[in-house]
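Enquirer: return atomic coordinates for the entry below.
(chains A and B)
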Amino acid sequence: AQKITQTQPGMFVQEKEAVTLDCTYDTSDPSYGLFWYKQPSSGEMIFLIYQGSYDQQNATEGRYSLNFQKARKSANLVISASQLGDSAMYFCAMSRNSGNTPLVFGKGTRLSVIA
Amino acid sequence: DVKVTQSSRYLVKRTGEKVFLECVQDMDHENMFWYRQDPGLGLRLIYFSYDVKMKEKGDIPEGYSVSREKKERFSLILESASTNQTSMYLCASSLRVGGGYTFGSGTRLTVV
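Expert: Alright, predicted model coming up:
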C-alpha cells in the first residue's frame, strides 16, 4: 500500500528566507507521481508542483522546487524567498501511474511566515 | 477558468438529518472525488467515481453514500448526520484517477 509521511506538523520561517518541507513516501510501484498542494486559510487546495518517478530533473515552478531523492523515497518541497502569503497548510500526495487508484495524501505541514 | 464548485461553504445541520453536499465541475472530467479533512489526519478519501453512475469506496465510506447521475455532478450524502461527521469536505475532479486534481473550495460542515 502507498503511504505519505510528513513529519513536520508546523514550521516557522522568516520572510525572504528559504524553507524545506519534508515528505517521504512508500510504494512498491516503479511508476508513480508526486504532488504538492497548498491550502490557505480560505480552504481551497491549490496545486503547486508535480514530479514523475522517471523524471530525470527535479521539478521547479517559480519559487517552488521539488527535491526528489528516489533512493531515499523523499520528495521535499523547497520554497525560496518566503513571502507572508506563503503561510498555509502544505500537503504532499502521490499517485500510482499504473492502475486506477486515487491520490494518497500526507497529514500536512502548517507553514507560518514571520515578518 | 476551469472550476469545481461546491454548493455551500458553511453548513450547520442537526444530528439525524439527511445531508446533501453538492459538487459540480465544468472541465468534462471523468473522475470525481470526495475527501474529508480533519486536523492532524490530513485528507481521507470517502468515495470516488470514475464514470457516470459508477462509484468506488474510499478509505472511510461508513455513514456516507454518493450519487453521480450526470458527469458534471457528484453528490455526497450523509444518510443520518452524526456529530463525528463534523468536518471539512473537499470535492475534486481529474482527467485521470491518478492525475492532478482540481479542488473545490470546500464545505465546512458542523453537525450539532
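
Enquirer: residue numbers of chain B in contact with chain A?
Expert: B:9, B:33, B:35, B:40-43, B:45, B:48, B:50, B:58, B:88, B:90, B:92, B:97-106, B:108 (Cβ under 8 Å from any Cβ of the partner chain). Yep, even glycine has a C-beta here, placed from its N, CA and C like the rest.

Enquirer: looking at the residues you listed, which are in strands?
Expert: Among the residues of chain B next to chain A, the members falling in strands (DSSP state E) are B:33, B:35, B:42-43, B:45, B:48, B:88, B:90, B:92, B:102-103, B:108.

Enquirer: and the furthest pair within these?
Expert: B:Phe48 and B:Arg108 (21.0 Å; Cβ to Cβ).

Enquirer: these two: which has the busier surroundings?
Expert: In this view B:Phe48 and B:Arg108 are compared by other Cβ atoms under 10 Å in any protein chain shown, and B:Phe48 has more residues nearby, 26 against 16.

Enquirer: wait, the more buried one sits on B:Asp59?
Expert: No - checked against Cβ atoms under 8 Å, the pair B:Phe48 and B:Asp59 is beyond contact range at 10.6 Å.

Enquirer: center of chain B, which residue is that?
Expert: For chain B, the residue nearest the mean C-alpha position is B:Trp34 (3.1 Å; Cα atoms, centre = their mean).

Enquirer: where does pLDDT dip in the chain?
Expert: No chain in the question, so chain A it is. Across chain A, the ranges flagged by pLDDT under 70 are A:97-100.

Enquirer: wait, I meant chain B there
Expert: B:1-2, B:97-98.

Enquirer: switch to 50 and redo it
Expert: In the prediction, chain B carries no residues with pLDDT under 50.

Enquirer: near chain B, which residues of chain A?
Expert: Counting by Cβ under 8 Å from any Cβ, chain A comes close to chain B at A:6, A:9, A:33, A:35, A:37, A:42-47, A:50, A:91, A:95-97, A:99-103, A:105-108.

Enquirer: again, only this time at 6 Å
Expert: For chain A, the residues in contact with chain B (Cβ under 6 Å from any Cβ of the partner chain) are A:43-45, A:47, A:95-96, A:100, A:102, A:105-108.

Enquirer: contacts for stretch B:84-93, please.
Expert: B:4, B:6, B:21, B:23, B:25, B:29, B:32-38, B:78, B:101-104, B:106-111 (Cβ atoms under 6 Å, 6 or more residues apart in numbering or on different chains).

Enquirer: can I get it in PDB, CA atoms only?
Expert: Taking Å, rounded to 0.1, in the frame of the first residue of the first chain, the C-alpha atoms of stretch B:84-93 are listed here in PDB:
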ATOM      1  CA  ASN B  84     -18.400  12.800  14.300                       C
ATOM      2  CA  GLN B  85     -19.100  13.800  10.800                       C
ATOM      3  CA  THR B  86     -18.400  17.400  11.600                       C
ATOM      4  CA  SER B  87     -15.500  18.200   9.200                       C
ATOM      5  CA  MET B  88     -14.300  20.000   6.200                       C
ATOM      6  CA  TYR B  89     -15.400  18.200   3.000                       C
ATOM      7  CA  LEU B  90     -13.400  18.600  -0.200                       C
ATOM      8  CA  CYS B  91     -14.500  17.700  -3.700                       C
ATOM      9  CA  ALA B  92     -12.100  17.300  -6.500                       C
ATOM     10  CA  SER B  93     -12.000  16.200 -10.200                       C
END
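
Enquirer: residues contacting residue 24?
Expert: Going with chain A. Contacts of A:Thr24 by Cβ under 6 Å, 6+ apart are A:5, A:73-74.

Enquirer: hmm, I had chain B in mind actually
Expert: B:5, B:72-73.
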